[in-house]
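Engineer: Provided below are the primary sequence and the corresponding predicted coordinates.
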Amino acid sequence: MTEPIIVINGTACPIAGEDRETLGDFLRAQGVNSVHLGCEHGVCGACNVLVDGACSRSCLMLAKACAGAEVRTIDGLHDELADALRDAFNRHHALQCGYCTPGVFAAAYELLCEGNALNETAVRERLAGSICRCTGYQGMVEAVLDVAARHAEPCPANVASID
Ligand code: FES
Ligand code: FES
């Protein structure tokens, strides 16, 4: 029987292993160590990745249920918007230990991709799904607002098309 395929940061990978393996565990087993696992039950947002463009908790998804999907992680996002967000994170000191950063980045990227006008409340509401143990929220919000002020256009609906 042919193994199901998932596309990780542009590379097609067969999904072997246990049916019950989560997407987060699967990605880390593939060497995608930017996927961080914290609570492993959907609370902290550390494991957020983009699945077909939607910010998703990889600890709550089964890898095999993602057959055919396009997964992007922080290290697989290299378009203009992602580069601007990375730069803004640096300038606004939006990370300290960095454990929450890949998950926050996925949530922020999804929000910015929607191309809507943003204010502080809207950014805080979207980032509320991510817990930062270092409490670096202010810098994250400033970084997202900084990028939002320059990128008013929605992204393509599917991040698979960003390369
Ligand atoms: S590890 Fe997935 S939400 Fe915390
Ligand atoms: S920067 Fe340390 S957990 Fe967020």
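Structural biologist: Great, that's in hand. Ligands and ions are numbered 1, 2, ... in the order given.

Engineer: part of a strand, is Val144?
Structural biologist: No: using DSSP: H, G, I helix; E, B strand; the rest coil, the secondary structure at Val144 is helix, not a strand.

Engineer: how much space separates it from ligand 1?
Structural biologist: From Val144 across to ligand 1, the span is 20 Å (Cβ to the nearest ligand atom, to the nearest Å). C-betas here are computed from N, CA, C, even on glycine.

Engineer: cool, and Arg150?
Structural biologist: 30 Å.

Engineer: surely Ser58 and Arg28 touch.
Structural biologist: No: look at Ser58 against Arg28 with Cβ atoms under 8 Å: they stay out of range, at 9.1 Å.

Engineer: what touches both of those two?
Structural biologist: Val35 (Cβ atoms under 8 Å, 6 or more residues apart in numbering).

Engineer: and these two? Which one has more around it.
Structural biologist: Ser58 (29 against 17; other Cβ atoms under 10 Å).

Engineer: in this structure Arg126 contacts Leu112, no?
Structural biologist: No: in this structure, Arg126 is not within contact of Leu112 by Cβ under 8 Å, at 9.7 Å.

Engineer: the two: which has the busier surroundings?
Structural biologist: Remark: of Arg126 and Leu112, Leu112 carries more neighbours, 24 against 20, as counted by other Cβ under 10 Å.

Engineer: which SSE is the more buried one in?
Structural biologist: Using DSSP states H and E, Leu112 sits in helix 101-113.

Engineer: identify the residues contacting the residue lying closest to Cys44 once chain neighbours are set aside.
Structural biologist: Closest residue to Cys44 apart from its sequence neighbours, by Cβ to Cβ, 6 or more residues apart in numbering: Gly38 at 3.9 Å. Neighbouring residues of Gly38 by Cβ under 8 Å, 6+ apart: Cys44, Gly45, Ala46, Cys47, Tyr99, Cys100, Ile131.

Engineer: tally of neighbours for Gly98?
Structural biologist: 14.

Engineer: count of residues packed around Met140?
Structural biologist: Neighbours of Met140 (other Cβ under 10 Å): 26.
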